[in-house]
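[1] what would the 3D arrangement of this be:
(one chain, ligands or ions: 1)
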Amino acid sequence: MTAALLKPPASPPTAAWATVPGTRLRLLEPEDVEAERRFFNGLSLDSRHQRFHVGLRELSPALLTLLTDVDQQRHRAWVVERVDAPVPTFIADARFVSDAADPGRAEFALAVADAWQGRGLGRRLLAHLQADARAQGVHTLFGEVLAENRRMLALMREAGMRLQPHLADGWLVRGTWAAPD
Ligand SMILES: CC(C)(COP(=O)(O)OP(=O)(O)OC[C@H]1O[C@@H](n2cnc3c(N)ncnc32)[C@H](O)[C@@H]1OP(=O)(O)O)[C@@H](O)C(=O)NCCC(=O)NCCS
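    Purely as a prediction, here's the structure:
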């Protein structure tokens, strides 16, 4: 693991984020397990399928643990929450996980609550992940997306990612971004 990956977690909301009214961007915290469960189980079946590539009716306890047991160094997880909600209410989740053998390479994924899609959150989150990955010492960010996911493919292309068919799985496209020097 590089020294950069050992830095303590940063905790912006960024200035750009403040322009999404009523929302706050922050790192996932250990006490957010129930809020994460509500967020992912609240996604439509189609959004969950796009996010996990399988048709999950609901998250298994094991998957919920994988998503919430994060160290915010090798596995960085961000959430967007509503600022006006009485209990933590997430409207988006975006994260990347560095390769244990090569911490400069990380795989990202994101999801936006159905009611909030199409308002620019996905675009902002992808840009945020690119900036955060770079700040954490990650030089290569990649994501695997269903080939039918036109919205995400458009977003990745716009974010400067190189799109290639997955070598082993024909229904997947891999988007790869190399951080500028
Ligand atoms: C993919 C996803 C993250 C995009 O988030 P979003 O907040 O809806 O995206 P944005 O509002 O930022 O839209 C970004 C761009 O997507 C493109 N887009 C939007 N709708 C589209 C559509 N129906 N077809 C093709 N492209 C589309 C546009 O270029 C749009 O830019 P615009 O604002 O100029 O129209 C979101 O739809 C989602 O969570 N989907 C389910 C989970 C998923 O697919 N995750 C990705 C796999 S890891």
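
[2] is stretch 151-164 in proximity to the ligand?
    Yes - judged by C-beta under 6 Å from any ligand atom, stretch 151-164 comes into contact with the ligand at 151-152, 154-155. Yep, even glycine has a C-beta here, placed from its N, CA and C like the rest.

[3] may I ask which two of those residues are separated the most?
    Farthest pair in these (C-beta to C-beta) is 152 and 154. Separation: 7.3 Å.

[4] more crowded one of the two?
    residue 152 (21 against 12; other C-beta atoms under 10 Å).

[5] name the helix or strand for whichever residue of the chain sits closest to the ligand, please.
    Going by C-beta to the nearest ligand atom, the ligand is nearest to residue 122 of the chain, at 2.1 Å. In this assignment (DSSP states H and E), residue 122 forms part of helix 121-135.

[6] what parts of this structure come near the ligand?
    Checking the chain against the ligand by C-beta under 6 Å from any ligand atom, the hits are 47, 50-51, 109-112, 117-123, 143, 145, 149-152, 154-155.

[7] just the buried members of those residues?
    47, 50-51, 109-112, 117, 121-122, 143, 145, 149, 152, 155 (16 or more other C-beta atoms under 10 Å).
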